[in-house]
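Engineer: Here is a sequence together with a model predicted from it:
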Amino acid sequence: MAVGHREATRSVLDGHEHAGTLTQIETDRIEMDANTVLGLGLGVTPPWRLVGQRLDTGKQPHELHLEIAADRGSQFPCPVCGKPCKAHDFAEFTWRHLNFFQHHCYITAKVPRTDCAEDGVLRITVPWAREGSRFTLLFEHAALMLVREMPVLAAARIIEITDQRLWRIVAHYVGKAIERLDLSKLAAVGLDETAAKRGQNYVTVFIDIDRRDKPVVFVTPGSGKETVAKFKAFLIEHGGSPGRIVEVVCDMSGAFIAAVGENFETAAVTVDWFHVVQLFTKVVDEVRRAEAKRSKLPKALRWAILKRADGRLTEAQVTALAELEASDLFTAVAWRIKEKLRWVRHAQSIQAARWRITNFLRHASELLDPDPILDPVRRALATFETHSKRILQRWTSSHSNARLEGLNGLFQAARARARGYRNVTTFATIIYLIAAPLGSLFEST
Ligand SMILES: [Zn+2]
């Protein structure tokens, strides 16, 4: 049985040994599927050669061990200056490689230190793995392809490594790709904060408003003022200029708005409509919760209110809303005010919008009962009025204002992908991975 395995192994390997090289992988910017990666074989280039192979059937799963060695008397480039040098000495290293069918596969090689007249004795980096990694480049590439498509935990199970190790690989390549981000043309920014877990582990996400696809350019732990200063520093490090930023789109948080004013003096601040609706939706729900303690409310009302008003409602939710609209509940008052926002939103010009906002505020104050249960609505209206100029900005802005709304879906996807690891670092990494213009993560290692 063991012999049969070994022979099968050898014949397949012989056929594939020279099927591809690392140079090809690095220059081909084409996204490769897992089969192509496997087809590229070991990715070992001269002077390195596959010199031995052994299938260890004593372990479960079985382990295929491949031994790689350099031709005798080979010279190796000095890691600093690149000059060919003789080997000073060797030390043995092992890397996990792509599974060979169901077997785990390891590559072992004696890696030299070069003795350079200029730079001294230094360990070289082998062509099949990056410095410091215990995995081959092909293994890491396959791992990253999986992580781009599925939760990290699921990917770790498929390639059979620990999740911590997989996170380290992902963090390395995402970090390198972020270093390469070019923000020299960035002119309009949107920002929003979100929590990795309910109510904790906040991150603030900055997007390029002009990018439809993969708009995320910066993710940082925390929320509020200091995140804007951090973004400014990041922007400058990546070739951008604060003076080029003409517009910043955000919510109505005083901290964000003040920080944008301090860090991006020439930018106009636009409050996006999504956050206006979000504020009033929250308020309707607050009133509903308070009122539920005193009166009987229609069933299914909670989700009917919270669901995006344009989303599909269940029959029970439709009935609940109809009952609400016909009622004299406080929740109904809050709801009517929120629904009136649609009318404001559909204004065709900034003049019309300004007129509708004035009307909306007057109409709302007429509807409002003095009962303190409606205080949250009063506060929301005050916030709305304070920011009305920035809200109006959306009617003159040349940038799309729907982008921040799209971020919500991204945040949900990132939370699902980072399931089980929702600290700020892993959450930020996943947001970058699925929504930043990182290009090929393998561009350079
Ligand atoms: Zn050197």
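Structural biologist: Great, that's in hand. Residues are numbered from 1 along each chain as shown.
Engineer: Mind listing what's buried along the helix or strand harbouring Lys282?
Structural biologist: Per DSSP states H and E: Lys282 is located in helix 273-292. Residues 273-281, 283-288, 290-291 are the ones in helix 273-292 that count as buried (16 or more other CB atoms under 10 Å). Bear in mind the C-beta positions are built from the backbone N, C-alpha and C, glycine included.
Engineer: Which neighbouring elements make contact with that helix?
Structural biologist: helix 301-306, helix 330-345, helix 375-386, helix 403-417 (3 or more CB pairs under 8 Å, 6 or more residues apart in numbering; DSSP states H and E).
Engineer: Using CSV, lay out those together with mean neighbour count, mean pLDDT and distance to the ion.
Structural biologist: Shown next, in CSV, are the helices and strands packed on helix 273-292 (neighbours: other CB atoms under 10 Å; pLDDT from 0 to 100; distance: least, CB to the ion, whole Å):
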stretch, mean neighbour count, mean pLDDT, distance to the ion
helix 301-306, 19, 82, 64
helix 330-345, 20, 94, 65
helix 375-386, 18, 96, 63
helix 403-417, 18, 85, 43
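Engineer: I'd like to know which of those is closest to Asp369.
Structural biologist: helix 330-345 (6.4 Å; CB to CB).
Engineer: who's in contact with the next helix or strand after the closest one?
Structural biologist: Next along the chain after helix 330-345, taking DSSP H and E as the criterion, comes helix 350-367. Applying CB atoms under 8 Å, 6 or more residues apart in numbering, the contact partners of helix 350-367 are 333, 336-337, 340-341, 343-344, 347, 377, 381, 384-385, 388, 391-392, 395-396.
Engineer: Worst mean pLDDT across the helices and strands of this structure, which element?
Structural biologist: None of the helices or strands of the chain scores lower by mean pLDDT, DSSP states H and E than helix 34-39, at a mean of 36.
Engineer: tell me which parts of the stretch 51-200 of the chain are close to the ion?
Structural biologist: Cys78, Val80, Cys81, Cys116, Glu118, Asp119 (CB under 5 Å from the ion).
Engineer: The residue lying closest to the fifth one once chain neighbours are set aside: what's it in contact with?
Structural biologist: When you say that, I think you mean Glu118. Of all residues not flanking Glu118 in the chain, Cys81 sits nearest, at 5.7 Å (CB to CB, 6 or more residues apart in numbering). Cys81 sits next to Cys116, Glu118, Asp119 when contact means CB under 8 Å, 6+ apart.
Engineer: Pull out the buried members of those residues.
Structural biologist: Buried among the contacts of Cys81 by 16+ other CB under 10 Å: Cys116.
Engineer: Now secondary structure too, for the contacts of Cys81, in JSON lines please.
Structural biologist: Formatted as JSON lines, those follow (DSSP: H, G, I helix; E, B strand; the rest coil):
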{"residue": "Cys116", "secondary structure": "strand"}
{"residue": "Glu118", "secondary structure": "coil"}
{"residue": "Asp119", "secondary structure": "coil"}
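Engineer: Relative to Ala428, which of the contacts of Cys81 is nearest.
Structural biologist: Lowest distance from Ala428 to the contacts of Cys81 (CB to CB) belongs to Asp119, with 36.5 Å.
Engineer: Can you pull the phi/psi pair for the closest one?
Structural biologist: Main-chain dihedrals, Asp119, degrees, to the nearest 10: phi -110, psi 0.
Engineer: next one: Asn99
Structural biologist: According to degrees, to the nearest 10, Asn99 has phi -50, psi 140.
Engineer: hang on, isn't it packed against Ala143?
Structural biologist: No: with contact defined as CB atoms under 8 Å, Asn99 does not count as touching Ala143 (11.4 Å).
Engineer: any shared contact partners between those two?
Structural biologist: Listed as contacting both Asn99 and Ala143 by CB under 8 Å, 6+ apart are Ile159.
Engineer: more neighbours, these two?
Structural biologist: Taking other CB atoms under 10 Å, Asn99 and Ala143 do not tie; Ala143 has more neighbours (23 against 17).
Engineer: Contacts only, for the more buried one.
Structural biologist: Phe135, Ala155, Ile159, Ile161, Leu166, Ile169, Val170.
Engineer: can you check Phe330 too?
Structural biologist: By CB under 8 Å, 6+ apart, the contact set of Phe330 is Val287, Ala290, Glu291, Asp369, Asp371, Ile373, Leu374.
Engineer: gap between the third one and Pro376?
Structural biologist: Think Glu291. 11 Å (CB to CB, to the nearest Å).
Engineer: Can you identify each of the strands in the stretch 101-250 of the chain by residue range?
Structural biologist: Ranges of strands in the stretch 101-250 of the chain, per DSSP state E, counting those that start in this stretch, are 103-116, 120-123, 188-197, 200-208, 216-221, 247-250.
Engineer: Now do the fourth one, average pLDDT.
Structural biologist: To tie it back to what came earlier, the one meant is strand 200-208. In this model, strand 200-208 has a mean pLDDT of 92.
Engineer: could you check the angle strand 188-197 makes with that strand?
Structural biologist: Angle of strand 200-208 versus strand 188-197, following axes from the mean of the first three to the mean of the last three CA atoms, to 10 degrees, is 160 degrees.
Engineer: May I see the buried residues of strand 200-208?
Structural biologist: For strand 200-208, by 16+ other CB under 10 Å, it's Asn201, Tyr202, Val203, Thr204, Val205, Phe206, Ile207, Asp208.
Engineer: returning to that earlier point: deepest of the strands of the stretch 101-250 of the chain, which one?
Structural biologist: Counting by mean count of other CB atoms under 10 Å, strand 247-250 has the highest mean neighbour count of those, with a mean of 25.
Engineer: what inclination does the next helix or strand after that one have with respect to strand 200-208?
Structural biologist: Where DSSP H and E defines the elements, the next helix or strand beyond strand 247-250 is helix 254-263. Orientation check (the same axes, to 10 degrees): helix 254-263 against strand 200-208 gives 40 degrees.
Engineer: which helices and strands sit right next to helix 254-263?
Structural biologist: The contact analysis (3+ CB pairs under 8 Å, 6+ apart) places helix 254-263 against helix 225-237, strand 247-250, strand 268-271.
Engineer: who wins for proximity to the ion among these?
Structural biologist: Closest approach to the ion among the helices and strands packed on helix 254-263 (CB to the ion): helix 225-237, 29.6 Å.
Engineer: got the buried residues for that closest one?
Structural biologist: Lys225, Thr227, Val228, Lys230, Phe231, Lys232, Phe234, Leu235.
Engineer: Now do the contacts for the residue nearest to the last one when sequence neighbours are not counted.
Structural biologist: The spatially closest residue to Leu235, leaving aside those adjacent along the chain, is Leu183, at 5.4 Å (CB to CB, 6+ apart). Neighbouring residues of Leu183 by CB under 8 Å, 6+ apart: Asp208, Val217, Phe234, Leu235, His238, Gly239, Gly240.
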